[in-house]
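Enquirer: Sequence isn't available, so here's the structure alone:
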């Protein structure tokens, strides 16, 4: 995928093509989730210093998923990718309780972004395969998702590593888009 | 008319005549695009003295010496072996494009980190960071051959003009309503042309910072543009499957090149601007007659999208790079295949000749850049080391330094 492909993926070329933005703190599991979606090997994943893009098919939709690095120093550049976003996927490491507050603040900032106004949100409560993971309900409460207005939202418990819950999450995305369009 | 002096131009081979006419200093070039090591110099000198009134019998000997020097230059064997000279941890996010100034003493890199950086080629030192854009810096250019200015086009919809010596921003050109993804200085360096995802191209005056013209007519994103050698025409390639030829002075469209069945990826003039080559997602490359706007050839053979096209400096050979991981070298006049370039393990997104026309440089998604012999398509060298795909590559004018820009946030210098 050269630069030209990046330009083509800036815009969705048809109703059936969706631009999906995958965000979250570093080590949340965004790239693992992306690779799992694309049915690729997830055993060797390193921190994303920029972005990864994969196109996956789901129920007649072409999903162009943009996975953006989550390290603190590159979070200010998330804005680069907001234009023409159809769905926001926000990934949370459910075992990293120390950073629940930090991830909540980042999410709130995203929800206030004008360019993401009204964009449906799916929160992936990731790493549910680990015993120390907080349940999705607790995370939803902590993030005060119920208070969200003006957009569809859904929280999905999942494990990107084992793929549990990933399909269900994608199903929700397609349902949301069907409602929106 | 009085001849003042001769200037030699190596690539493409030519002699520039500086002369006085009515008190004004003017120049014209004698292009020697067909010059070969074995060319009979006497015959060339004869022809020039016949055709060119400025070259009197008394000047013929001088012209002969110049041609001999050009011949010597093009006879030099190209056996340069490149090694990795420096890895520059250039940016904190992926690079976009890279470009050299004319002498190759400096180069610039654009990035997703919203900056453009100016580098010293010999030391690998960062000279300036051009900060101010609010989104990805995608298209960048030096105003070669002068090299004292840099233009940057951004996803923030603006184009900025900078001093390459101080890093100071002279102007911010506002007016596009979507991402700027291609730009070029005109050869006189009096204007910048920008192409945008908003379907328009615009011309800007460098001195005043004002918009000179908006070139409207495409129905989809413009992703490629270039001036002809004199700066009188501009071509724009668009995702609307067409290429437009614009008259720069009037801002009017001279031709629309219609025939491709999918998005255009690249549009280029040859040196004498008689031909335009266009690459397309329809897997073909087309060659057009600039004067009539007619398609005079369709180069088929690639099994996937053609992502880039490039003429050599003399305009006699043409390269195509494809998503099918191969490239091809064609005779630009006969349209016959000279060589097929195979070996990459991922799509080839950029392709270029060295100024001498003796090497082909390709950049690929397989994380390597490779050098090839255009005559037989054999791989001369694999430039390995990047840890992610290579987005851009360039030769300096001497052809002895290469820079590659990658999604791995680094830039590498090879000499």
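Expert: Now that the structure is in, tell me what you want to look at. Owing to the predicted nature of the structure, the values given are computational and were not obtained by experimental measurement.

Enquirer: So which residues on chain A come close to chain B?
Expert: Contact residues, chain A versus chain B (CB under 8 Å from any CB of the partner chain): A:1-5, A:7-8, A:10-11, A:49-51, A:69, A:73-74, A:77, A:79-80, A:83. All C-beta atoms are positioned from the backbone trio N, CA, C, and that covers glycine.

Enquirer: So which of those are in strands?
Expert: Residues of the residues of chain A next to chain B located in strands (DSSP state E): residue A:51.

Enquirer: Show me the residues of chain A next to chain B that map onto helices.
Expert: Cross-referencing the residues of chain A next to chain B against helices under DSSP state H gives A:3, A:4, A:5, A:7, A:8.

Enquirer: how about those residues in CSV, adding neighbour count and pLDDT?
Expert: Shown next, in CSV, are these (neighbours: other CB atoms under 10 Å in any protein chain shown; pLDDT from 0 to 100):
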residue, neighbour count, pLDDT
A:3, 24, 93
A:4, 25, 93
A:5, 18, 91
A:7, 20, 93
A:8, 18, 89
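
Enquirer: what's the closest of those to residue B:101?
Expert: residue A:3 (21.4 Å; CB to CB).

Enquirer: Isn't that closest one up against residue B:391?
Expert: Yes: using CB atoms under 8 Å, residue A:3 is in contact with residue B:391, at 5.1 Å.

Enquirer: Pull up the overlap in contacts between the two.
Expert: B:96, B:97, B:349 (CB atoms under 8 Å, 6 or more residues apart in numbering or on different chains).

Enquirer: right, and the pair among the ones in helices among the residues of chain A next to chain B with maximum separation?
Expert: A:3 and A:8 (10.0 Å).

Enquirer: got the residue ranges for the helices in the stretch 51-200 of chain B?
Expert: Here the stretch 51-200 of chain B has its helices, by DSSP state H, counting those that start in this stretch, at B:60-75.

Enquirer: In it, which residue sits closest to chain A?
Expert: residue B:94 (4.1 Å; CB to the nearest CB).

Enquirer: Packing partners of the helix or strand encompassing residue B:297?
Expert: Using DSSP states H and E, residue B:297 sits within strand B:295-299. When contacts are defined as 3 or more CB pairs under 8 Å, 6 or more residues apart in numbering or on different chains; DSSP states H and E, strand B:295-299 packs onto strand B:285-289.

Enquirer: surely residue B:80 meets residue B:402?
Expert: No: checked against CB under 8 Å, the pair residue B:80 and residue B:402 is beyond contact range at 9.9 Å.

Enquirer: quick one: which of the two has more around it?
Expert: residue B:402 (27 against 19; other CB atoms under 10 Å in any protein chain shown).

Enquirer: Now the more buried one: closest residue in space, sequence neighbours ignored.
Expert: The spatially closest residue to residue B:402, leaving aside those adjacent along the chain, is residue B:414, at 4.3 Å (CB to CB, 6 or more residues apart in numbering or on different chains).

Enquirer: Also residue B:62?
Expert: Residue B:62's closest residue in space is residue B:6 (CB to CB, 6+ apart), at 6.7 Å.

Enquirer: From residue B:344, how far off is that neighbour?
Expert: To residue B:344, residue B:6 is 43 Å away according to CB to CB, to the nearest Å.

Enquirer: if you count what's nearby, which of these two comes out ahead?
Expert: Neighbours were counted for residue B:6 and for residue B:344 using other CB under 10 Å; residue B:344 has more, 23 against 17.

Enquirer: Surely the more buried one touches residue B:370?
Expert: Yes: counting by CB under 8 Å, residue B:344 touches residue B:370, with 6.6 Å between them.

Enquirer: which residues sit against the helix or strand hosting residue B:319?
Expert: Here residue B:319, judged by DSSP H and E, is contained in strand B:317-322. With CB under 8 Å, 6+ apart as the test, strand B:317-322 has contacts from B:270, B:277, B:279, B:283, B:285, B:287, B:299, B:302-312, B:327-332, B:338, B:347-353, B:357, B:360, B:362, B:374.

Enquirer: filter these to the buried ones?
Expert: With burial judged by 16 or more other CB atoms under 10 Å in any protein chain shown, the buried subset of these is B:270, B:277, B:279, B:283, B:285, B:287, B:299, B:302, B:305-312, B:327-330, B:332, B:338, B:347-353, B:357, B:360, B:362, B:374.

Enquirer: can you tell me which of the residues you listed are in strands?
Expert: Checking the buried ones among the contacts of strand B:317-322 against DSSP E, those in strands are B:277, B:279, B:285, B:287, B:299, B:306-311, B:327-330, B:338, B:348-353, B:360, B:362.

Enquirer: sec struct for the residue nearest to residue B:62, please.
Expert: strand (DSSP: H, G, I helix; E, B strand; the rest coil).

Enquirer: Please name the nearest non-neighbouring residue to residue B:322.
Expert: residue B:302 (4.1 Å).
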